[in-house]
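Colleague: Got a sequence here, can you model it:
(2 chains)
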Amino acid sequence: MSGSPALSYFVRRLSQAVLVMFVVVLGNFLLIQLAPGDLVDVLGGTTDLSPEQALALRQRYGLDQPLWMQFLHYAGNLLHFDLGFSPRQGAPVVNVLLERLPTTLALVFLSLFLSVAIGTAVGVLAARRAGTLADFGLSLVVLLFYATPSFIIALLLILGFSVYLPWLPSAGLSTPGMDLEGFAKLSDIGRHFILPVIALSTFYTAIYGRLSRAAMLEVLSQDFIRTARAKGVPERGLLWRHALRNALMPIVTMAGLQVSSLLGGAVLIETVFGLPGIGRTAFDAVMERDTNMLLGVLFMSSLGVVCVNLLVDLLYRLVDPRVELA
Amino acid sequence: MSSFGLNRRHLLLAGAAMSLDMTLPAALRAAPRRGGILTAVLWPAPQTLTAAATTAGTEMLVSAKIFDGLCGYDFDMRPQPLLAESWDISADGLRMRFNLRKGVRWHDGTPFTSKDVAFSLLKVWKVLHGRGRSTFADVTEVQTPDDTTAVFVLKRPAPAIMKALFSAESQILPAHLYDGTDILQNPFNLKPVGTGPYKFVSFERGDNLVLARNEDYWDKELPYVDRFVFRFVPDAATRAAMLESSQAQIVPNGLLNAPDITRLGKLPDIELESRGYEHSCGMQLMDFNLDNPHLANLKVRQALAHAIDRNWILRNVWSNFGKAATGPIHVKQTDFYTTEGVPAYPYDIKKAEALLDEAGFKRGAGGVRFTITIDPLPYGDEPLRAAEYIREQCRRIGIAMTVRTQDFGAFVKRVYTDRDFDINIVSASTTADPTIGVQRFYWSKNFIKGVAFSNGSHYANPEVDALLEAAQTELDASKRRDLFVRFQRIAMADLPSLPLVFNDRVTVTRKTLRDHTVGGVGPFDSQSKAWLAA
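Modeller: I've put the predicted structure just below:
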């Protein structure tokens, strides 16, 4: 084998990724076929199509072809990075994705950031005061967040901060019809994101809280901490520099794994807050049997998850230099 | 009447107060105020912004603001002048002449002419529109002797046409932008050019649609609001919150959960309006699949009708918004509705049991006579709740019923393509005219596999076919009523379907929004007269 280990590592991961994506596309293609009814059935149910119109539409979208032909056609287009046309959206799938991806990415990554930051801080504080009333209180709150479904939290937030205290908007990406520009527009969009991000991050905050508390407790009981303390390292530096850095590994692992589950959570949050993101688009695509749109979303998100996992592997090295890419 | 709860009474009072307001001399009524942004919340999000070729609800509602129709309608669904200033129909009903308003321009400045009407009818409504295909089936030609005259030439009279000329139902497209193009794929479907009081500004797919006041509207007074904004919000609880927190002023079309409507109706700043749906006449209907050997037996269908308390369903499932159904024609289709001589099937469990015994289906092992399935339409929660009630009632009379759930696509395929069902519950919009909205469920020629919401029970009665076909072309109002009266009697005697509930849809608004419902088309007309009080 020639080349650096890092290069061969990337080549291997890349070929794994291609395989994963192929399985994702094939699996989902077959799964959506299992659902009875096709696009034209749904369309006909809402718009009273005549049998001739239904037939014409099936021909237009290739739904009259045998299944394996449909798949080969789709896979062939995919090799040219053509995700096809979404009949329900009336636009190429890639356009819809590009239009909606930023919303979901903003939602998911802001939530991820918020939940890791707050969760870790809460975990560290609880571990620091393990066994005290403060620890008990924090753990109780964390458990509550852990146990409450995010859509309930979402509705409670809307009731609290948009109905009773009319501070924040409860739906959409922006206030339409206001013709805002520049900073005013940005702050309007920001205000629309506050409640959804909080709602999506509570559950994950709870997870990181519990995880970091446990990891910190374990690290804090290790010998090197006792040594550092004996050396006279101040307590604050000890906690955040020596202990936390070593407790970060499980948190980073978890964060990497959870990007994909955050996407799932985004479906609910986007529904409650009426955000036009790709989670919601995927859900609608299933209901409307819009195969191209659904496969496009799944293709894109599996691509995202594969990339994030690569990123996590790199982060491991950063957090713990002993880890090698192999 | 005793079944009417508090909420219902509240609604009626609100309605009474409203109509009182309408009858006051114009000078005594508050003068409409110009300006403001009117925000409506809807769901689902529209796929296209014209309704000329679709019967989907949101599309109809939003596009009617951008496009005017030939006629408007009052609360009795009598046509009123709009783009057509007047009309006359020949004595034999074969020529319908419309005199169009002069000086009307499309939003791009091109004059609106009779050519646009001819194009829309012949190339769009008659070909691509789900109901238009039957409404305008007998129109063979549209003559355009000059720019402001359009004459429909028919091979048979079609009285139902005069109930279908509002914009949401029969939308006039600009021929200069659509003729010779693929209408379903035309780019102007997403940046519409209409003649209506509001002009297209922007459309964020799946999120919002912004319209602005048309400064060149033919009625210089109208519209009053500067902007008309539509937000598309999937969650019903969020929609309620938006109205409650003044982020929106109107949620039309019953798009809130019934308990939320009841709750909001009690708030001081919010009011309910149940008028404005006379054009759609929504109802719930239970089809018996007559190809099922048990259900083919009339006594079994009669037993089921006696075992199901329609008033219970109305009260507990539809929160009293509507009336218990008595027959296939909606109570708000006042020209045709009757209960006289129509078999009624009052709630009577004992009678139901006796009928099943007579039919020869004795209780067997475990007290079960036979088993059967029910498939409620997955459109809102209510049909499922009704199906659960019906299952319990069936258990009481010895029929073991399974409730099946599926999503919309699977339901349509199961019932109308595969016909793999025993009983279903469908929500139907029966429109202002039974020829358009009711005939499709009972006419044997409309038993077409693969067509959703066609004749689902597979009912075929030559006498009913003859009545329905005669009513299609009967011009004499009282003779036409008589045909439908006879139809209602036979339909309820044969009982291929059991109508459950005549729905009242409700518009929920903030009280600052005035004159949002001025006729039977309600929120589905242009709402050009709507205004926001300070």
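Colleague: secondary structure class for B:D88?
Modeller: Reducing the assignment at B:D88 to three states with DSSP: H, G, I helix; E, B strand; the rest coil gives strand.
Colleague: Quick check: residues of the stretch 51-200 of chain A near chain B?
Modeller: A:51, A:53-54, A:88-91, A:96, A:99-100, A:155, A:158-159, A:162-163, A:166, A:169-173, A:176-178 (C-beta under 8 Å from any C-beta of the partner chain). Bear in mind the C-beta positions are built from the backbone N, C-alpha and C, glycine included.
Colleague: For B:D92, grab the count of nearby residues.
Modeller: In terms of burial, B:D92 registers 10 neighbours under the definition other C-beta atoms under 10 Å in any protein chain shown.
Colleague: May I have the phi/psi pair for the closest residue to it other than its chain neighbours?
Modeller: Once its chain neighbours are removed from consideration, B:D92 has its nearest residue in B:P157; the separation is 7.0 Å (C-beta to C-beta, 6 or more residues apart in numbering or on different chains). Backbone dihedrals for B:P157, given as degrees, to the nearest 10, come out at phi -60, psi 150.
Colleague: mind checking pLDDT for B:P157?
Modeller: According to the per-residue confidence, B:P157 scores 95 in pLDDT.
Colleague: and what of B:T338?
Modeller: Predicted confidence (pLDDT) for B:T338: 96.
Colleague: quick one: it and B:R486 touch, right?
Modeller: No - with contact defined as C-beta atoms under 8 Å, B:T338 and B:R486 do not form a contacting pair (9.8 Å).
Colleague: The residue nearest to B:D92: neighbouring residues, count only.
Modeller: The local packing count at B:P157 equals 19, with neighbours defined by other C-beta under 10 Å.
Colleague: any idea how far it lies from chain A?
Modeller: B:P157 sits at a distance of 23 Å from chain A (criterion: C-beta to the nearest C-beta, to the nearest Å).
Colleague: Can you show me the helices along the stretch 151-300 of chain A?
Modeller: In the stretch 151-300 of chain A, the helices defined using DSSP state H, counting those that start in this stretch lie at A:182-220, A:223-231, A:235-237, A:244-272, A:278-287, A:291-319.
Colleague: now the angle from the fourth one to helix A:291-319?
Modeller: To tie it back to what came earlier, the one meant is helix A:244-272. For the pair helix A:244-272 and helix A:291-319, the angle between their directions (axes from the mean of the first three to the mean of the last three C-alpha atoms, to 10 degrees) equals 160 degrees.
Colleague: what's the answer for the longest one, then?
Modeller: Taking the same axes, to 10 degrees, one finds helix A:182-220 and helix A:291-319 inclined to each other by 50 degrees.
Colleague: Could you check helix A:182-220 and say which residues are buried?
Modeller: Neighbour counts over helix A:182-220 (16 or more other C-beta atoms under 10 Å in any protein chain shown) mark A:189, A:192-193, A:195-213, A:215-217, A:219-220 as buried.
Colleague: Residue of chain A nearest chain B, please.
Modeller: Proximity to chain B, evaluated over chain A using C-beta to the nearest C-beta, is greatest for A:D48 at 2.4 Å.
Colleague: you'd agree that residue is up against B:A53?
Modeller: No - using C-beta under 8 Å, A:D48 is not in contact with B:A53; the gap is 10.6 Å.
Colleague: Looking at the helices of the stretch 151-300 of chain A, which is nearest to B:M286?
Modeller: The minimum distance between B:M286 and the helices of the stretch 151-300 of chain A falls on helix A:278-287, with 24.0 Å, by C-beta to C-beta.
Colleague: Against which helices or strands is the closest one packed?
Modeller: With contacts defined as 3 or more C-beta pairs under 8 Å, 6 or more residues apart in numbering or on different chains; DSSP states H and E, helix A:278-287 has these neighbours: helix A:93-128, helix A:244-272, helix A:291-319.
Colleague: Which residue is the nearest non-sequential neighbour of B:Q185?
Modeller: What sits nearest to B:Q185 in space, not counting adjacent residues and going by C-beta to C-beta, 6+ apart, is A:G90, at 7.8 Å.
Colleague: wait, isn't that neighbour in contact with B:P46?
Modeller: No - with the criterion set as C-beta under 8 Å, A:G90 and B:P46 do not qualify as a contacting pair; they are 10.4 Å apart.
Colleague: quick one on the thing from earlier: turn the helices of the stretch 151-300 of chain A into JSON lines, columns for distance to B:P343 and mean pLDDT.
Modeller: Rendered in JSON lines, the data for the helices of the stretch 151-300 of chain A read as follows (distance: least, C-beta to C-beta, whole Å; pLDDT from 0 to 100):
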{"stretch": "helix A:182-220", "distance to B:P343": "53", "mean pLDDT": "91"}
{"stretch": "helix A:223-231", "distance to B:P343": "86", "mean pLDDT": "86"}
{"stretch": "helix A:235-237", "distance to B:P343": "85", "mean pLDDT": "81"}
{"stretch": "helix A:244-272", "distance to B:P343": "45", "mean pLDDT": "83"}
{"stretch": "helix A:278-287", "distance to B:P343": "39", "mean pLDDT": "86"}
{"stretch": "helix A:291-319", "distance to B:P343": "47", "mean pLDDT": "83"}
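Colleague: Show me where the stretch 51-200 of chain A dips below the pLDDT cut-off.
Modeller: Segments of the stretch 51-200 of chain A classed as low confidence (criterion: pLDDT under 70) are not present in this model.
Colleague: can you do 80?
Modeller: Per-residue confidence for the stretch 51-200 of chain A (pLDDT under 80) gives these ranges: A:88-90, A:177-179.
Colleague: go on, chain B?
Modeller: For chain B, the stretches flagged by pLDDT under 80 are B:1-30, B:380.
Colleague: which residue packs closest to whichever residue of it sits closest to chain A, ignoring adjacent ones?
Modeller: The nearest approach of chain B to chain A comes at B:G130, 2.4 Å away (C-beta to the nearest C-beta). Spatial nearest neighbour of B:G130, excluding adjacent residues (C-beta to C-beta, 6+ apart): A:D48 at 2.4 Å.
Colleague: do the same with B:R510
Modeller: B:Q249 (4.6 Å).
Colleague: For the residue of chain A closest to chain B, grab the count of nearby residues.
Modeller: Applying other C-beta under 10 Å, we find 22 other residues in the vicinity of A:D48.
Colleague: Let me know the pLDDT of it.
Modeller: 73.
Colleague: In contact with it, which residues?
Modeller: Taking C-beta atoms under 8 Å, 6 or more residues apart in numbering or on different chains, we find A:D48 in contact with B:55, B:130-131, B:451-453.
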